[in-house]
Each structure stands twice: as structure tokens, then as C-alpha cells.
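In: got a predicted structure here, sequence first:
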Amino acid sequence: MQSQEAPELPHLRRQKILLLLERDGKVMAADLGQRFGVSEDTIRRDLAELASAGLLHRVHGGALPRSADTGKDFFTRAIEVSEAKQALAHLAAQRVRDGQIVVFDSGTTTLQIALSLPAEIAITAVTHSPMIAMALARYSNIDIIIAGGQLNTAAMVATGHEAVRMFESINADLLFTGVCAIHPELGLTTAHFNEVAVKQAMLRGASQVVAVVTADKLGAVEPFAVAPCHRVDVLITERHIPSGDIGVYRQQGIEVQQARA
């Protein structure tokens with residue numbers, strides 16, 4: 001029988017909680033209390049400390065992971081663009097067709113999609129990201145519409161009523177939605193409250209919604225809800241994701257495409 005006379009030091013216990021969260025995709029306070037031989041109140045304090053450090057997201061009875069990009073500003077994320085993200089962006093860019101109205105949401109992944117378009121593509125591109133607008137300006141056959149509003153310097157996007165009104169007036173053929181986190185039950189969530197209304201306006205006006213998601217954002221949660229999962233039509237993600245983790249999205253009617261690389 002395992003002795004519970006000497007519970008682990010709090011910092012060691014919290015490190016193990018994060019490892020369990022990474023392995024299992026969620027943790028429950030009751031299970032952790034039994035595992036570590038401490039009270040649920042102690043575990044709740046552990047989870048509160050880890051949440052305040054931005055390392056997880058608390059939910060009723062436990063916690064869920066946050067994405068690896070949580071807390072990083074746009075320029076930091078742009079510097080850290082991985083080969084996997086670039087491969088996903090190339091795959092997503094193949095969905096764009098001449099003559100379409102295409103909305104590019106914020107994010108370094110959508111920036112990579114913009115950089116991956118065919119050189120002669122002829123579309124109307126709409127965005128609230130100055131960085132994405134600059135990337136699209138390299139294409140001679142793309143007409144660019146950029147939304148105004150208050151600049152969120154962490155995400156480098158325009159937010160506020162002006163941006164919302166503009167996206168409400170556009171019926172887009174295709175939306176590349178920026179994804180901070182996507183969870184099969186809690187849906188699309190974001191770390192920035194002032195992005196919610198803009199993202200929702202984009203979703204309402206799009207005929208097809210494509211979410212391009214790296215592995216760390218699948219099953220993760222951020223504080224502010226944007227939309228349920230079924231609002232996404234196509235989910236593009238990495239090849240190595242287990243079929244069980246992908247199946248929960250297919251069950252909601254989402255087309256899932258995995259990159260070969």
C-alpha cells in the first residue's frame with residue numbers, strides 16, 4: 001500500500017500535473033487528489049496557481065490544456081513558425097480558387113497561408129491584420145480590403161465596432177479562421193476578449209470555414225468562447241495526430257485533412 005504520510009512538495013506535484021495534462025488531455029481534481037494523497041482543496045490551489053501562470057485552463061472539476069502559443073505576442077510567434085505550420089499553410093492555400101472572396105483572420109498560421117498562395121491567384125482578400133495585408137500586397141492580382149478599428153498590438157489586428165461592421169457586410173466564399181484553441185466540446189476559443197465579436201462576424205458571413213490547427217491547439221481551451229466546433233467545415237492538422245483524437249471532430253460533420261509531412 002502506497003504511503004500518503006509525506007505528500008510531494010507543491011512544485012514537484014504541479015510539474016507532474018502538467019505532465020499528466022499533456023499526456024491525457026485533461027485532469028480531474030478528484031483523481032489528482034487520490035493520486036498524490038492530498039485533498040481536493042490542495043489540488044484546486046495547485047490548478048489555480050498553474051492557471052494564473054498561463055499553463056492550463058481551469059474548468060469545473062479539473063483543467064484542460066492551453067496551446068503552446070498562449071501568452072506570446074504576434075512577432076514572437078511569427079519568429080517561431082515551424083515546418084509543420086508551413087506545411088499546413090501550403091495545404092490550406094490549395095483550397096483558394098480564382099474569383100473568390102477570401103477572409104484571412106488573424107494569426108501567424110493565416111499569415112503563412114497568405115504567403116503560400118499561387119503567384120497568379122486572382123481573388124479579393126479581406127483581413128483585419130496589417131501584417132497579412134502587407135503579405136498579400138506582393139500579389140499583383142489580389143484586391144485587398146483591410147478593416148479598421150483599434151489595433152490589438154499583441155495579436156496585430158484591428159478590433160472594435162468598425163471591424164465588426166465591415167465583416168458583417170461581407171459574404172465570403174472562404175474564411176481561414178485563426179484558431180487559438182479548439183476543443184470538441186467547448187469549441188473555438190480565444191485568449192483575447194476583444195477578438196470575439198470580430199471572429200463571430202467573420203464566421204456568420206462565410207460560406208466555408210477552414211481551421212488550420214497545429215497539434216498543440218487540438219483539445220486546448222482559451223478563456224473566451226467564439227463558436228461551437230460544428231461551425232468549422234474543414235479542419236487541417238498534422239499527420240501524427242491519433243485517429244481517436246481526430247474522430248471526435250469528424251463525428252461533428254467536420255472534414256478533417258491531415259498534412260502528409
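Out: All right, it came through fine.
In: shaky segments in the chain?
Out: Applying pLDDT under 70 to the chain flags the ranges 1-8, 67-81, 261.
In: apply 80 and report the result again.
Out: Within the chain, the stretches with pLDDT under 80 are 1-9, 22-25, 52-57, 65-82, 154-155, 244, 260-261.
In: tell me the contacts of the closest residue to Leu55 other than its chain neighbours?
Out: Leaving aside its sequence neighbours, Leu55 sits nearest to Leu18 (Cβ to Cβ, 6 or more residues apart in numbering; 6.1 Å). Quick note: C-beta positions are derived from backbone N, CA and C, even for glycine. Leu18 makes contact with 50, 55-56 under the criterion Cβ atoms under 8 Å, 6 or more residues apart in numbering.
In: could those go into JSON lines alongside secondary structure and neighbour count?
Out: Formatted as JSON lines, the contacts of Leu18 follow (DSSP: H, G, I helix; E, B strand; the rest coil; neighbours: other Cβ atoms under 10 Å):
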{"residue": "Leu50", "secondary structure": "helix", "neighbour count": "21"}
{"residue": "Leu55", "secondary structure": "coil", "neighbour count": "18"}
{"residue": "Leu56", "secondary structure": "strand", "neighbour count": "27"}
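In: in which helix or strand does the residue nearest to Leu55 reside?
Out: helix 10-24 (DSSP states H and E).
In: and if you look at Gln86?
Out: Using DSSP H and E, Gln86 sits in helix 83-93.
In: next one: that helix to chain centre, how far?
Out: 15 Å (Cα atoms, centre = their mean, to the nearest Å).
In: neighbouring contacts of stretch 52-62?
Out: With Cβ under 8 Å, 6+ apart as the criterion, stretch 52-62 contacts 18, 21, 26-32, 47-48, 50-51, 63-66, 70-71, 186, 220-223.
In: filter the residues you listed to the buried ones?
Out: Burial by neighbour count, 16 or more other Cβ atoms under 10 Å: within the contacts of stretch 52-62 this picks out 18, 21, 26-29, 31-32, 47, 50, 63-66, 70, 186, 220-223.
In: the strands in the stretch 1-150 of the chain, which residues?
Out: Secondary structure of the stretch 1-150 of the chain (DSSP state E, counting those that start in this stretch): strands at 27-28, 56-59, 62-65, 101-104, 124-127, 143-146, 150-152.
In: please work out which residues outside the first one touch it.
Out: Same thing as strand 27-28. Strand 27-28 is contacted by residues 17, 20-21, 47, 61-63 when judged by Cβ under 8 Å, 6+ apart.
In: do the same with the last one
Out: The contact list for strand 150-152 (Cβ under 8 Å, 6+ apart) reads 130, 157-160, 192, 194-195.
In: how does it look with 10 Å?
Out: Outside strand 150-152, the residues that touch it by Cβ atoms under 10 Å, 6 or more residues apart in numbering are 73-74, 106, 128-130, 157-163, 192, 194-195, 198.
In: one more: the fifth one?
Out: In this structure, residues lying in contact with strand 124-127 by Cβ under 10 Å, 6+ apart are 96, 99-106, 110-111, 114, 117, 132-133, 135-137, 139, 142-147, 157-158, 166-167, 170, 172-173, 175-176, 202, 205.
In: and Ile182, how far from Tyr139?
Out: To Tyr139, Ile182 is 29 Å away according to Cβ to Cβ, to the nearest Å.
In: just to revisit the earlier point, which of the contacts of strand 27-28 sits closest to Val38?
Out: Lowest distance from Val38 to the contacts of strand 27-28 (Cβ to Cβ) belongs to Ile17, with 11.1 Å.
In: re earlier: show me what counts as buried in the helix holding Gln86.
Out: Within helix 83-93, the residues that count as buried by 16+ other Cβ under 10 Å are 84-93.
In: could you dump these into a markdown table and include distance to Pro228?
Out: Rendered in a markdown table, the data for these read as follows (distance: Cβ to Cβ, whole Å):
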| residue | distance to Pro228 |
| --- | --- |
| Ala84 | 26 |
| Lys85 | 25 |
| Gln86 | 29 |
| Ala87 | 27 |
| Leu88 | 22 |
| Ala89 | 25 |
| His90 | 28 |
| Leu91 | 24 |
| Ala92 | 21 |
| Ala93 | 26 |
